[in-house]
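Participant: Fold the following for me, if possible:
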Amino acid sequence: MHPLVTLAWLLSTVAHKIWALSPEQVSKELGPQLSQSAVISGWDATKYGRWSEYHAPKPGIVLTPANEQDVAATVEYCTSKEIPFLTQNGGHGWAKTIHIDNDGLIISLEQLNSVTFNDDRTEAVVEGGAHVSQVINAASKNNALVQTANCNCIGTLGAILGAGYGNLMGMAGFGIDNILSLNAVMADGCLHTITPEDKDLFWAFRGAGPNFGIVTSAKMKSYPVGPSGQTAWIGQLVFTPDKLEKVVEEIDAITLEPEMCLFMVFLTSGEPDYTPMIALLPFYYGTEEEGRAAFSSFFDIGPTNDTTAETQYAHWNDVTDVFCSKGGYKPSETAGLSRMVPSTWEEAWDEYVSFVSLGGTGASIVLLEAYSLKTARSFGQDSSAYAWRNKVNFNAIAIPWYFDSSLESDAVAWASRLRDLWRSTDGLDSPAAYINFANDEDLSVVYGENVERLKAIKAQADPDRIFNQWFSL
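Facilitator: From the prediction side, this is the model:
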């Protein structure tokens, strides 16, 4: 390479690395196009930092739109200026596919958080920045239920666009099965309403939505209930390690009825001893008597502690509040499973005990989720872009959680070992990962056989790949 060319390249590279967006610049250029309530600010990690600091984006600017038109204006501005951008509501995505530095911008949807219902409470319009707790609280006040994820602090629509597992899916199907229409800002910088008549886009948004636009609101199914229809039995059952084989056998064998779902968690007792524990979190939509009867086989195994109780809708997710704690590094790995193999989970337990014996790793968690899938599978594999509807029966996640960055290599190796261990007996033809739990998997692992169809739709809807941060097609 010619010396002058080399020098020019070096100068441009250095300039790119030190150049950053400023609030003053964006306010001057974009501000006049935004509503008065829109906010343009510098990056504040304490306010906008995501759940895991591992490979977390650190943009130069955070722009908080006040309405859907602000989102459209922002996308058009970023596109015209070739500014990388990312949309955020809950900030809980942990994927390594996101790359936003100080020359980029985050669109925070926190002001777009309304939840409204029609007169007969059969439909709800959920804005893109509404967290799960906000949707549940609004639904509870309206004597209705809405299918959401099981964690209060995450963005409702962000979770749903990936498929949307949740407590009510045994009765209502996946979150994507409850979407009636979407409002989305697409690559042309315009707001579009996507309905079932938009066959390809409606299919693609429901399972791979972040590749096609920013969903600013969604019209969803809502289920009216009386006061007694907001009751569920939920809590924690603790088992000693010698019972793990029987617990796993029963998870594999039990038929989860529509009212049921179940988590298994490896966790520790916390300070000061960080004693490893095995816990089941059963959920039953109904009374305590009904719940205990439905999960009687687990009580027969002999839990050492039982905190289960009848709980009202607004508090169903209290049991998972540990997952709302931000801070620290969490390079998580996941695997979809068609079956539960006791020897695999006994080996996973040994791996967990060994890892949390390291200083500074005691907050780490292993999670297994199991749901009633009959209703979800009644919609058909081709009804949406979610690839694993008819193949994956369980999702497992290894979440190393530490605050000392020197533990990174140990944590990454541990999570990868668990992922590979689960895959070795997953019972599937090829690896599968739920996109909301995925790290940096190949596209075929998150989108399955849908990759080529999704790429074709992407080529039409977003030919310049404006939306390119979340397992980009």
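Participant: number of nearby residues for V125?
Facilitator: 18 (other C-beta atoms under 10 Å). (Glycine included, C-beta is placed from N, CA and C.)
Participant: Now do the contacts for it.
Facilitator: Applying C-beta atoms under 8 Å, 6 or more residues apart in numbering to V125 gives the contacts S114, V115, T116, F117, S217, A218, K219, M220.
Participant: which secondary structure element contains it?
Facilitator: Secondary structure from DSSP states H and E places V125 in strand 123-127.
Participant: Also T46?
Facilitator: Counting by DSSP H and E, T46 is part of helix 45-48.
Participant: ok, residues contacting that helix?
Facilitator: Under C-beta under 8 Å, 6+ apart, the answer for helix 45-48 is K58, V62, Q88, G91, I106, S108.
Participant: if we go to 7 Å?
Facilitator: V62, Q88, G91, I106, S108 (C-beta atoms under 7 Å, 6 or more residues apart in numbering).
Participant: Downstream of the strand holding V125, the next helix or strand is which one?
Facilitator: helix 132-141.
Participant: how about that following helix: buried residues?
Facilitator: Using 16 or more other C-beta atoms under 10 Å as the test for burial, helix 132-141 gives V132, S133, Q134, V135, I136, A138, A139, S140.
Participant: Filter the contacts of V125 down to the buried ones, ChimeraX style.
Facilitator: Selection of buried members from these for ChimeraX, criterion 16+ other C-beta under 10 Å:
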select :115,117,217,218,219,220
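Participant: any chance of the contacts of V125 in a markdown table, with distance to R50 too?
Facilitator: Converted to a markdown table, these look like this (distance: C-beta to C-beta, whole Å):
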| residue | distance to R50 |
| --- | --- |
| S114 | 23 |
| V115 | 23 |
| T116 | 28 |
| F117 | 30 |
| S217 | 23 |
| A218 | 22 |
| K219 | 28 |
| M220 | 25 |
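Participant: And the contacts of V125, which is closest to F403?
Facilitator: Distance to F403, by C-beta to C-beta, is smallest for V115 among the contacts of V125, at 34.8 Å.
Participant: helices or strands next to the host helix or strand of G336 in the packing?
Facilitator: Using DSSP H and E, G336 sits within strand 333-337. In terms of contacts (3 or more C-beta pairs under 7 Å, 6 or more residues apart in numbering; DSSP states H and E), strand 333-337 is packed against strand 394-399, helix 408-424.
Participant: Please repeat the previous calculation with a cut-off of 10 Å.
Facilitator: Contact partners of strand 333-337 among helices and strands, from 3 or more C-beta pairs under 10 Å, 6 or more residues apart in numbering; DSSP states H and E: strand 365-371, strand 394-399, helix 408-424, helix 443-447.
Participant: Show the backbone phi and psi for the nearest residue to G60 once chain neighbours are set aside.
Facilitator: Nearest residue to G60 in three dimensions, chain neighbours excluded: L21, at 3.6 Å (C-beta to C-beta, 6 or more residues apart in numbering). With angles defined as degrees, to the nearest 10, L21 shows backbone torsions of phi -70, psi 150.
Participant: check contacts around L21.
Facilitator: The neighbourhood of L21, defined by C-beta atoms under 10 Å, 6 or more residues apart in numbering, consists of 40, 42-43, 59-61, 63, 78, 81, 83-84, 101-105.
Participant: can you pick the most crowded of the residues you listed?
Facilitator: Top of those by neighbour count (other C-beta under 10 Å): L63, with 27 neighbours.
Participant: For the strand or helix carrying it, which helices and strands make contact with it?
Facilitator: Using DSSP H and E, L63 sits in strand 61-64. Contacts defined by 3+ C-beta pairs under 10 Å, 6+ apart place strand 61-64 against helix 23-29, strand 39-42, helix 45-48, helix 68-81, strand 85-88, strand 105-108.
Participant: The same query, at a cut-off of 6 Å, please.
Facilitator: Secondary-structure packing of strand 61-64 (3 or more C-beta pairs under 6 Å, 6 or more residues apart in numbering; DSSP states H and E): strand 39-42, strand 105-108.
Participant: Which segments of this structure make up each domain?
Facilitator: 26-108, 115-226+450-461, 230-448 (automatic domain parsing).
Participant: Run me through the strand neighbours of the strand holding L63, direction for each.
Facilitator: Looking at strand 61-64 with DSSP bridges, its partner strands are strand 39-42 (antiparallel), strand 105-108 (parallel).
Participant: contacting residues around it?
Facilitator: Contacts of strand 61-64 with the rest of the structure, by C-beta atoms under 6 Å, 6 or more residues apart in numbering, involve L21, V26, V39, I40, S41, Y48, T74, L105, I106, I107, S108, Q111.
Participant: what's the answer for stretch 207-222, then?
Facilitator: So stretch 207-222 is contacted by 68, 71, 87, 121-128, 144, 146, 157, 161, 178-186, 204-205, 384-386, 454, 458, 461, 467, 470, 473 (C-beta under 6 Å, 6+ apart).
Participant: How about stretch 437-449?
Facilitator: Taking C-beta under 6 Å, 6+ apart as the rule, stretch 437-449 contacts 95-97, 333-334, 387, 397, 431, 433, 435, 451, 454, 471.
Participant: Taking the contacts of helix 45-48 together, which two end up most distant?
Facilitator: Among the contacts of helix 45-48, V62 and G91 lie farthest apart (C-beta to C-beta), at 11.0 Å.
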